[in-house]
Structures are given as structure tokens and as C-alpha cells.
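Asks: Structure of the sequence below:
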Amino acid sequence: MQVRTRMFILFFSVVSAVYSALNYYIFYRGGSVIPERYKLVYVVAGACVSGSYVAGRILERFVLSWVSDLLVWLGSFWLAAMVYFLLACLCIDLLRLVNLIVPIFPSFVTNNLEQTKQIIFWATVSVVGILVLAGHINARTIRIKTLELTVSKNAHSSGTMNIAVASDIHLGTIICKARLERIVQIINGLDPDLVLLPGDIVDEDLGPVIKQNLGETLRTIRSRLGVLAITGNHEYIGGVEEACRYLTEHGIRLLRDEVTIIDGSLNIVGREDRSIRQFQGKSRKTLEELMSAVDKSCPVILMDHQPFRLDEAVENHIDLQLSGHTHHGQLWPFNFITKKVYELSWGYLKKRNTHFYVSCGVGTWGPPVRIGNRPEVVNVRLRLG
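Replies: You can find the predicted model right below:
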């Protein structure tokens, strides 16, 4: 058995064990208020809901149907709900522990514990339900983020280059035809000179994309200078060669460790995603290698899906780096984790002469829910010359 296969099995086993333990804890705590006659129904429903996402993802790799769609949608919403049920359970149990040491609960709580449990249970279900619903509405409400930037370098034509940037679309079962049509409508409404897609265009499995013929919708993106993209980790998860072939066949030009010149002097550098090492055992080209043939007196835009090692772009005289990947956590409080992992989790940063923008993305991974940030299409108005 190959080392990578063993590592995958180990990783999957650990994740499955942790996921199962968290779900057991949530349903065990909730089960304390369920009447005995409904316990079996509760247990079966809990097992079905918690396992639906994985079951749906596996099923859609073999048979795409309304059943696989239903399981993926149900499981996706549960992933978001699970986060907030887990936080609620932890908070409640922490308060119970404090109360054992120093009694802090008032008498109206302790006098009728069964009634208190029922109230807390239904209040928690209601709050989590409202949060997930509000987060779903938020995830469908795309904003346009405008960046006005200046690059004082030689350009074939001076003036402003109007660029539309849409990262992390995650096309598939969740981000379906209607959502993609809305994204394309917003991009086209900006009347862009150039459209850039910095990775994770496809979610994972290409099957749902082909079934919904999403490539034809991608063809409707209008841009004077074309649509350029790079790979993200999700292209690798689902099969990078198949995903790139499909996107290329539908009007998207993939830059895979390549440099192209747009409008006579604007250099676009597209890096292969870091996942190439994990999935193919290869190394991507270094940025220094890619920049060796670039005229650095002309403007340079770099697309690199995962925003690691920002100083590398500064050292190689990149004018603007565009990244995605982080989703800024997508669900609060995961944004605190992404802030620790990445120097820039979301938004704009300038280091010396290099501009950086990390987008939180226009789509969603897993839960069709965003809490703490809004999906965005970035409109970069780049003044050249």
C-alpha cells in the first residue's frame, strides 16, 4: 500500500472518529430531554442527519440523483447547525460545572429541572435554526467589493484596467446553475476588461457540474481580454486534470505555473496550487522561476490560491497578489483560526510596493451558510502607467 494511501486512510479515520464523537456528544446531551417513547426515533434521526453529508458525497460519485442531492443538502445544513449546537452544549456544560463548584443558578432554574431542560432545549434549537437560516440568506447575498489601486509602472496603455475577481465559487451540488447565473450576472454587470478566478472554481466531484451543464453558463462571462484562472485545492480533491480540461473546453484559460501578457504589457502570473505535492507528489515552480522571464518594469499580477508566504511576492516585485481559499472561516468563530493561520485572512494589505487582496470567496464549501462575512465579487480598478 502506498504511503499516500495509508496517510489518507489514517486522516479519514481520525476525522471520522472526531466527527462521530462530536455528534454523539451533541445528540447525547439533547437526548436527555427526549421522552422515552421517542428515543428510538430520535437516535435514528440523529444518525441519519449526521451521516447524510458523507453518504451524499459518496453516492454522487456513483449515481447522481435527487437522493444524493437531498443527502448533500441535508448534511451541508447539519454541518453548520452542528457547530452551534456544539458551542451551546459546551457553554451549558461549563455553566453546570461552575454551578457544582459555586452555586450560581437561581431557584427558578433549580426548582423544576425538567422544565428548565425543556426550555433550554427548545430555545437552543430555535436560536441555532435562526442562525443557520440567516447565514444561508447571507451566503446568497453577494456584495461587490471595489478596490482602487495604482501601479506606477510602464504600461502599453495608461488609464484604468477594470478587473473582476471571483474566487472560491465551488461549483457543484450546492452552488448550482441558478447561483452561478447570479454570479455571472454580477461579473458582467461590472463590464470588466479582464476576469480572474483565483482557484476552487469546482467544488470536488465534476459530476454535478457536468449534469447541470454549468460550463455553458461559464461561457456567458463577458470580458474584453478573456477569463483567466488557476487551480485551487478543490480542483485537486476532485481530480485536477479532468476539472482543468472541462474548464478549458468552456472558455476558461488555466494558468498552471505560467505567465501570460495581457493588453501588451500587463503580466499575469498563475501559480499551481500547493496541493500538487499532496495529490501528485510533485513540486510547483518557485515564484522566482516564474518571474525569471518577466519584464519587472511592467505591471505584474499574481494569482496564488492559498495566501502563504506573502513576503515571497514582495521579494519578486509583484505589484498585486490575488488569493482566496480562507473563506475567512466562513462560519464564526472559525475566522479566529484563519486569522492565526494566515498573515492576511481576508481583505487588503500593502507591503512595500506590493498590494495584496485575499477574498473570502463568492461561494461556500460544505454548509451553504456564512456567518461573520459576506460572499463577494471583487472589482479591482487598477490605474496603470
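
Asks: shouldn't I144 be in contact with I186?
Replies: Yes: under the criterion of C-beta atoms under 8 Å, I144 makes contact with I186 at 6.7 Å. (Glycine included, C-beta is placed from N, CA and C.)

Asks: ok, and what's touching stretch 205-219?
Replies: Outside stretch 205-219, the residues that touch it by C-beta atoms under 8 Å, 6 or more residues apart in numbering are 57, 60-61, 64, 171-173, 176-177, 180-181, 184, 202, 227, 238-239, 242-243, 246-247, 249-252.

Asks: Out of the residues you listed, list just those in helices.
Replies: R57, E60, K177, L180, E181, V184, G238, E242, A243, Y246, L247, E249 (DSSP state H).

Asks: now the helices: where do they sit in the stretch 151-300 of the chain?
Replies: Assigned by DSSP state H, counting those that start in this stretch, the helices in the stretch 151-300 of the chain fall at 177-189, 207-211, 214-218, 233-238, 240-249, 275-280, 287-291.

Asks: Pull the residues that contact the fifth one.
Replies: Just to be clear, that refers to helix 240-249. Taking C-beta under 8 Å, 6+ apart as the criterion, the residues outside helix 240-249 that touch it are 201-202, 206, 209-210, 215, 218, 229, 231, 235, 254, 256, 276, 279-280.

Asks: got the buried residues for it?
Replies: With burial defined by 16 or more other C-beta atoms under 10 Å, the residues of helix 240-249 counted as buried are V240, A243, C244, Y246, L247.

Asks: With pLDDT and distance to E312 as extra columns, can I get the residues you listed in TSV?
Replies: Formatted as TSV, these follow (pLDDT from 0 to 100; distance: C-beta to C-beta, whole Å):
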residue	pLDDT	distance to E312
V240	94	23
A243	95	26
C244	96	24
Y246	97	30
L247	97	26
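
Asks: now those residues in CSV, with distance to K296?
Replies: Below are the buried residues of helix 240-249 laid out as CSV (distance: C-beta to C-beta, whole Å):
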residue, distance to K296
V240, 30
A243, 32
C244, 28
Y246, 34
L247, 29
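
Asks: quick one: which of these is nearest to A45?
Replies: Taking C-beta to C-beta as the measure, A45 sits nearest to A243 out of those, at 35.6 Å.

Asks: Tell me how far that closest one lies from T173.
Replies: 15 Å (C-beta to C-beta, to the nearest Å).

Asks: what does G129 give?
Replies: The span separating G129 from T173 equals 22 Å under the rule C-beta to C-beta.

Asks: Neighbour count: the two, which is higher?
Replies: A direct count of neighbours by other C-beta atoms under 10 Å for G129 and T173 places T173 higher, at 26 against 13.

Asks: How far does the helix or strand of the chain with the lowest mean pLDDT sit from its chain's centre?
Replies: Of all the helices and strands that make up the chain, the one with the lowest confidence by mean pLDDT, DSSP states H and E is helix 107-110; it has a mean of 81. Average the C-alpha atoms of helix 107-110, do the same for its chain, and the two points are 44 Å apart (C-alpha atoms, centre = their mean, to the nearest Å).

Asks: Same question for stretch 112-125.
Replies: In terms of C-alpha atoms, centre = their mean, the gap separating the centre of stretch 112-125 from the centre of its chain is 35 Å.

Asks: For that stretch, which outside residues touch it?
Replies: Stretch 112-125 is contacted by residues G30, S32, V33, F85, A88, I92, V109, T110 when judged by C-beta under 8 Å, 6+ apart.

Asks: Most neighbours among the residues you listed, which one?
Replies: Within those, most neighbours by other C-beta under 10 Å means F85, with 22 neighbours.

Asks: any idea which element the closest residue to it other than its chain neighbours lies in?
Replies: With C-beta to C-beta, 6 or more residues apart in numbering as the measure, I26 is the residue that lies nearest to F85, at 4.9 Å, once sequence neighbours are left out. Remark: I26 resides in helix 3-31, with elements defined by DSSP states H and E.

Asks: Check which residues of that helix are buried.
Replies: By neighbour count, and taking 16+ other C-beta under 10 Å as the criterion, the buried residues in helix 3-31 are Y19, L22, N23, I26, F27, R29, G30.

Asks: ditto for stretch 249-269
Replies: Buried residues in stretch 249-269 (16+ other C-beta under 10 Å): 250, 252, 254-259, 262, 265-269.
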